[in-house]
Structure formats: C-alpha cells, structure tokens
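Q: Quick one: sequence and predicted model below, then my questions.
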Amino acid sequence: MSLTSRILIAMGLGLFIGGMFNVAEGEGWLAGVYNAWVDQFLVSGLFDLGGKVFVALLKLLVVPLVFVSLVCGVASLGDNTRMGPMAGKTLLLYMATTAVAISLALVAGVIIQPGAGFNLSTEATFVVNEAPSLKDVILGIVPTNPVEAMAQGNMLQIIVFALLVGIAMSRVGEAGKRVAAFFNDFNEVNLKMVVILMNFAPYGVFCLMAQMAADLGLEAFANLLVYFFTVLFVLFIHGLGTYPLALRVFTGLSPLMFLRKMKSVMLFAFSMSSSNATIPVTLRAVRDEMGADNRVASFTIPMGATINMDGTAIMQGVATAFIAQAYNIDIGLNGYMMVILTATLASIGTAGVPGVGLIMLAMVLEQVGLPVEGIALIIGVDRLLDMTRTAVNVCGDAMVTLVVAKSEGMLDEARFNEDPSLPGHIA
C-alpha cells in the first residue's frame, strides 16, 4: 500500500475515533469513569505521546538535513556560484505568490461577507506579541553563534551559516573536497533516516488526528462557519489553481503530475501543521520524485518553510475583511491595498517569530485601523485552518523550487514525468 493511502487511512481513523470520543463526552451512566479513562489514558496519554514523539523525531532531522544538504549544494556549485541569482528569484517568487494569495483572500472576503451581521463592539481583549523592527530582523538573520542557531532551530541563521561554509569549501581546493566528501556521505545518512522515519508516519498521523478530533468540538466553530469555509475555499483555489497555473506558465511542466507527486507531502503537512517539520519530506519529494537538483532544493525548501506564508496571508486577508465587517468599519480600497503590501512584506519580516500568524495579523489590523481585539473571534477555528494552510505552503515551496530549478537548468524533466505509481516512489 502506498504512503498516501496509509496516511489517508490513518487520518480517517484518527478523526473518526477522536470524534467519537468527543461526542461521547458526558454521555451515559458511566460518563465520569469513561471520560476520565479516555482523556487521561488515551487522548492526553497515548495519543498525545505518540503524536509528540513523531513530531519530535521529525524536528530532530530538520537541522542536520537542512544544514548538510545546503552545504553540499553550495559546495557543488564551485567558484562560479549562482547563489545570488537563485536567492533573488526565490525571494521574488515567494513574495509574488504571497501577494496573489492575500489578494484572492480579500476579494473573497469582500464578496462573501463572512463578518456581516455580527455588529460587534470592541469589548473583547486579545494580546499579541510585538513584531520585531526592521533592524532587529536584519540582525536576526546573521548568526553570532551557529551552534546556538542550530540548537534553537533558527532556520534563517542556519541557512546563512551553511551558505558561508559551502562557499568556503568550494574555494579551498583539496581540503574542501575532503570535507565535501564527508558532508556528501552525511547527507546520504540523513536521507536514509528520512526513509526510515516515513514508515512510522501513518501511526504518528493517527495519534495527532485522534487527539485533535477529541479535543475540538463542533461548538468551537459553529458560529464561524462562513469565515471558516471562506478561508478554506481560498486556500483550495490558491493551492489547486494558482500554483499549478504558475508552474505551467513558467516551466511548461504538467500541473496534474505535480499535484499527483505532491499529494503525500500535502497530506503529511496537513497532519503535522508545521512547514519546518515537513522539510525532510518536501526535500525528498522535489529531489527524488520531481527531479529538482539538490543545489536548488536545499536552498529553496528551507527558505520557503521560513518565509513563504501564503496560507497565513490568505487567513489574514479573509480575517481582515471579516473583522472589518463584524465591527462595521469600512477601510476602503486604500485600506485593502495597504493590507496586501503590509502582509506581503511582513511575511519575511516576521519569519521565525513564535505565533507568527497572529503577529502578522495584528500588524495588518493596526496598519488599517481595525481593532486587534477581533483576533479573539477567530482563535477557536484557527487550529483546523492552520493544518490546511501548512499544506498549501509546502505546495508553494515545491512549485517555486521547480521554477527556479528549471530557470537554472537544474531540473531533470524525465524524472518529473515518471509515473509516481511505479515502485520506489513516495506517492
């Protein structure tokens, strides 16, 4: 059975069993004993432990995989490095897709009117962390201690350090070749660890889905269904429309083949709800399944997991329209244009900041004069939407990787066009 099928089955079983536990809560004459056993032993015990262990193992691989893979990629470019042009293309594409994402979200929010009829006042309170200044953002990219950066999982600093190491290795002759041989062997070990870990993916997905379904009841988003499905609709439009169209226009590759080979990665990202935790799986897919050269993928995928926030931008766009309508505040065309600009730039400026989605949304709301307290309205359904946002984000990371690889002449199109149902493929 393929990995996609196993993950789908695990996801369905987890949602079904967790949902049954949620519905059964408080029912029956032995409700107290039943609920205590289910909550303490299964939901908060076994399911929580299984999900956290699996996510921890994935995060364990992220730093060595990104660092070693990027060092190998940069070192293999040699003295005539293409990192400058590659970085420029990557950054431009990520910003462009983010701008498109939030534009689609604002259009949908204005047309569908998810916040109409709420008629709220600013009595609710919500506190969000302050966003960093531009100076702090720039300083935060430059590592002062690479070991500390790796310990904290600061992806931008790890990328900068890996670039410096790779460039230096490519310019010191025989010594660089000896070190490069070690890193290449280490990279093979990392990739094998990813393959081993993926065999346990369905079990981790089952635990994560069961716990989420047991903890979240329908009442959490019953009053926000229009907002919820508006965000979901735009996420699907962007993930299944914008990305395949851009891939076709810029590379001529088949969008259907791209989506077929991304389905396992997107399902995995959905269950993980973390682009960083999905990096090993995304890297393997774009390199082994789609033919992107490691020299490109090892840079664009970690960078995308850090700064590509199309899914978050969609949430911000719909949430901005929703909050404006809920509080009966008209921000006008200029306000919506400011939202597009602010969210696009903030997707880079707040990269790596804890609670980044809410920080970015707070920045956007303050920029156009909307009450930040409105964020409290959407917290209840954000967990479910966050899972879909992550799936959309990793799809965007892969699309940009293929476009950059194609433009650099580093894409194996024969491998991209191979049937993913053949043995050896993850899909």
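A: Arrived safely, thanks for sending. Only a predicted model underlies this, so the values are computations on that prediction, with no experimental measurement involved.
Q: C-alpha from now on. contacts and neighbour counts both.
A: Will do.
Q: Please point out which parts of the lengthiest helix in the chain sit buried.
A: The residue-count maximum for a helix in the chain (DSSP state H) belongs to helix 375-407. Neighbour counts over helix 375-407 (16 or more other C-alpha atoms under 10 Å) mark 375, 377-378, 380-382, 384-406 as buried.
Q: and the gap between A108 and N308?
A: According to C-alpha to C-alpha, to the nearest Å, A108 stands 21 Å off from N308.
Q: the more surrounded of those two?
A: Neighbour count, other C-alpha atoms under 10 Å: between A108 and N308, N308 has more, with 29 against 20.
Q: who touches the closest residue to the more buried one other than its chain neighbours in this structure?
A: Closest residue in space to N308, ignoring its immediate chain neighbours: Y94 at 5.7 Å, by C-alpha to C-alpha, 6 or more residues apart in numbering. Applying C-alpha atoms under 8 Å, 6 or more residues apart in numbering to Y94 gives the contacts G304, I307, N308, V400.
Q: Just name the lowest-scoring one in those, pLDDT-wise.
A: Among the contacts of Y94, I307 carries the weakest pLDDT, at 79.
Q: Pipe the contacts of Y94 into JSON lines and attach secondary structure and distance to K263 per row.
A: Shown next, in JSON lines, are the contacts of Y94 (DSSP: H, G, I helix; E, B strand; the rest coil; distance: C-alpha to C-alpha, whole Å):
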{"residue": "G304", "secondary structure": "helix", "distance to K263": "18"}
{"residue": "I307", "secondary structure": "helix", "distance to K263": "22"}
{"residue": "N308", "secondary structure": "coil", "distance to K263": "19"}
{"residue": "V400", "secondary structure": "helix", "distance to K263": "17"}
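Q: For K89, state which of the residues you listed is nearest.
A: V400 (8.9 Å; C-alpha to C-alpha).
Q: Quick check: that closest one touching L93?
A: Yes. Applying C-alpha atoms under 8 Å as the test, V400 and L93 come out as touching, 6.6 Å apart.
Q: Next SSE downstream of the helix-or-strand element of the chain with minimal mean pLDDT?
A: Within the chain, no helix or strand scores below helix 31-37, which has a mean of 59 by mean pLDDT, DSSP states H and E. Sequence-wise, the next helix or strand downstream of helix 31-37 (DSSP states H and E) is helix 48-77.
Q: what angle sits between the helix or strand just after that following helix and helix 48-77?
A: Following helix 48-77 in sequence order, the next helix or strand is helix 83-112 (DSSP H and E). Counting by axes from the mean of the first three to the mean of the last three C-alpha atoms, to 10 degrees, helix 83-112 lies at 140 degrees to helix 48-77.
Q: one step back: for the contacts of Y94, which two are the farthest from each other?
A: Every pair in these was compared (C-alpha to C-alpha); the two farthest apart turn out to be I307 and V400, at 12.5 Å.
Q: For P255, which residues are in contact?
A: Taking C-alpha under 8 Å, 6+ apart, we find P255 in contact with P244, L245, L247, R248.
Q: residues near the third one, how many?
A: Same thing as L247. Residues near L247, counting by other C-alpha under 10 Å, number 20.
Q: you'd agree it is up against L253?
A: Yes. Between L247 and L253 there is a contact at 6.5 Å, judged by C-alpha under 8 Å.
Q: picking up where we left off before, considering the contacts of P255, which is situated nearest to L341?
A: Of all those, L341 sits closest to L245, with 22.9 Å by C-alpha to C-alpha.
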